[in-house]
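S.K.: Can you look at this prediction? I've put the sequence above it.
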Amino acid sequence: MPHDPHPPAASPPSAADIAGDFRALIDAAPAFDPVAADAARTTLDGADGLAALAGWVAGWRGEARVGRAIVCLYAASHEGAPDSAAAARARLDHLAQGGGAVNRIGRGLGAGVDVFDLALDKPVRDAGFARALSLREAAATMAFGMEALAKEPDLLILGDLAPGGARSAAALIAALSGTPAEAIAAPQDLDWTCRALARADATGPQGALDWLAELGGRELAALTVAVLAARAFGVPVLAEGLAAAAAALVAHRIHPDAAASLRLVAPHPHPAHAAAAAALGQPPVLGWVSADHEGVGGLSVLALLRLVPPVQSLS
């Protein structure tokens with residue numbers, strides 16, 4: 001049989017193929033260690049809230065002390081939000097130069113801050129009128145989610161720099177949680193959310209990744225993979241803000257155990273955040289309502305964890 005010098009190109013992976021690869025990673029991921037968790041909680045008898053935090057970290061990392069904490073913020077822009085790219089660029093540059101509360105607090109706690117530019121000069125399409133991302137574009141962005149684990153953190157704090165991205169995150173939460181748009185959208189975004197959900201639903205999305213590409217921004221794609229990668233390596237995650245909560249829900253829909261090592265930081269004033277928390281089955285760590293999404297709330301939790309003594313010192 002003659003050799004064909006120009007064999008047909010392999011078909012690009014489908015959303016189902018990509019999701020299947022992620023599910024295989026989670027299936028092989030380390031399990032929570034209840035013995036280590038109990039040991040950490042026992043040393044903090046009488047400090048219930050801190051004991052719960054210590055047990056959570058110890059169950060995934062073997063001990064409650066956090067050595068290397070990393071804040072990862074993903075910057076992206078949205079076509080439907082005026083000046084989204086310029087606003088995101090200005091904030092990214094400020095943080096990249098060491099400015100902002102997250103850097104100041106992070107330095108005091110010994111935490112690193114990484115900021116990723118997700119093609120700010122190429123806003124995603126307006127999901128009210130077209131698919132926000134092609135599957136190829138979403139897959140290209142997902143590689144940045146893996147970068148969150150490059151420095152081998154003991155604790156990962158996830159957030160975003162994506163002005164105008166809240167309505168996309170809320171629409172995605174509505175789609176994946178089955179919550180009506182009227183109960184989940186901000187009043188000014190209700191018409192857009194209904195239009196975006198109807199348009200996306202008409203395309204027949206096959207799973208959470210298809211919904212993400214239909215409705216989401218690049219920050220949501222990167223955050224989703226960061227959650228999945230962290231679970232694959234048994235790294236506890238603090239998800240701050242609406243975009244990170246939406247990404248956690250996408251990961252959870254890909255595999256029911258994908259967000260097991262994740263905690264939401266604080267209640268968010270946007271109604272979609274409560275829907276995401278309910279769908280994930282977990283209340284936020286902090287009790288106060290906060291619109292923060294740049295890692296400051298997550299660093300507040302880290303400050304609490306810095307109070308945890310080594311188990312052996314109390315034996």
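M.R.: Perfect, I can see it now.
S.K.: where in this protein is pLDDT low?
M.R.: Applying pLDDT under 70 to the chain flags the ranges 1-12, 46, 311-315.
S.K.: Tell me where it has strands.
M.R.: 69-75, 112-117, 155-161, 237-239, 262-264 (DSSP state E).
S.K.: Can you tell me which of those strands is most buried?
M.R.: strand 237-239 (a mean of 30; mean count of other CB atoms under 10 Å). Where C-beta positions appear, they are placed from N, C-alpha and C, glycine not excepted.
S.K.: Not counting that strand itself, show me its contacts.
M.R.: If you take CB atoms under 8 Å, 6 or more residues apart in numbering as the criterion, strand 237-239 is touched by 155-158, 223, 226-227, 230-231, 245, 247-248, 261-265, 285, 297-298, 301-302.
S.K.: please redo it, this time with the cut-off set to 6 Å
M.R.: Strand 237-239 has contacts (CB atoms under 6 Å, 6 or more residues apart in numbering) with 156-158, 230, 245, 248, 261-265, 298, 301.
S.K.: Tell me the one of the residues you listed nearest residue 41?
M.R.: Among these, residue 263 lies closest to residue 41 (CB to CB), at 15.5 Å.
S.K.: check contacts around the closest residue to that closest one other than its chain neighbours.
M.R.: Spatial nearest neighbour of residue 263, chain neighbours left out: residue 285 (5.1 Å); criterion: CB to CB, 6 or more residues apart in numbering. By CB under 6 Å, 6+ apart, the residues touching residue 285 are 263, 265, 301.
S.K.: Tell me, how many residues neighbour the closest residue to residue 18 other than its chain neighbours?
M.R.: Once flanking residues are discounted, residue 18 sits nearest to residue 209: 6.0 Å by CB to CB, 6+ apart. Residue 209: 26 surrounding residues under other CB atoms under 10 Å.
S.K.: so what's residue 209 up against?
M.R.: Contacts of residue 209 by CB under 6 Å, 6+ apart are 15, 18-19.
S.K.: Now render those residues as JSON lines, adding neighbour count and distance to residue 101.
M.R.: Listed next are those as JSON lines, based on neighbours: other CB atoms under 10 Å; distance: CB to CB, whole Å:
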{"residue": "15", "neighbour count": "20", "distance to residue 101": "37"}
{"residue": "18", "neighbour count": "19", "distance to residue 101": "36"}
{"residue": "19", "neighbour count": "21", "distance to residue 101": "36"}
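S.K.: burial measure for the closest residue to residue 145 other than its chain neighbours, as a count.
M.R.: Spatial nearest neighbour of residue 145, excluding adjacent residues (CB to CB, 6+ apart): residue 225 at 2.7 Å. Look at residue 225: counted by other CB under 10 Å, it has 26 neighbours.
S.K.: Isn't residue 225 up against residue 141?
M.R.: No: using CB atoms under 6 Å, residue 225 is not in contact with residue 141; the gap is 8.3 Å.
S.K.: And residue 117, how close does it get to residue 85?
M.R.: Relative to residue 85, residue 117 is positioned 11 Å away (CB to CB, to the nearest Å).
S.K.: before we move on, back to that, output the strands of the chain in CSV, with distance to residue 81 appended to each entry.
M.R.: Putting these into CSV (distance: least, CB to CB, whole Å) gives the following:
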stretch, distance to residue 81
strand 69-75, 13
strand 112-117, 17
strand 155-161, 13
strand 237-239, 22
strand 262-264, 24
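S.K.: Next up, the contacts around residue 295.
M.R.: 71, 102, 157, 159.
S.K.: mind redoing it with 7 Å?
M.R.: By CB atoms under 7 Å, 6 or more residues apart in numbering, residue 295 lies in contact with 71, 73, 102, 113, 157, 159, 240.
S.K.: burial measure for the third one, as a count.
M.R.: The burial metric for residue 102, expressed as a neighbour count using other CB under 10 Å, is 24.
S.K.: Tell me how far it lies from residue 77.
M.R.: 20 Å.
S.K.: now do the fourth one
M.R.: From residue 113 over to residue 77 the distance is 20 Å, taken as CB to CB.
S.K.: thinking residue 105 is in contact with residue 296, fair?
M.R.: Yes: if you go by CB atoms under 7 Å, residue 105 and residue 296 touch, sitting 6.3 Å apart.
S.K.: so how far does stretch 60-78 reach from one end to the other?
M.R.: Using CA to CA, to the nearest Å, one end of stretch 60-78 lies 35 Å from the other.
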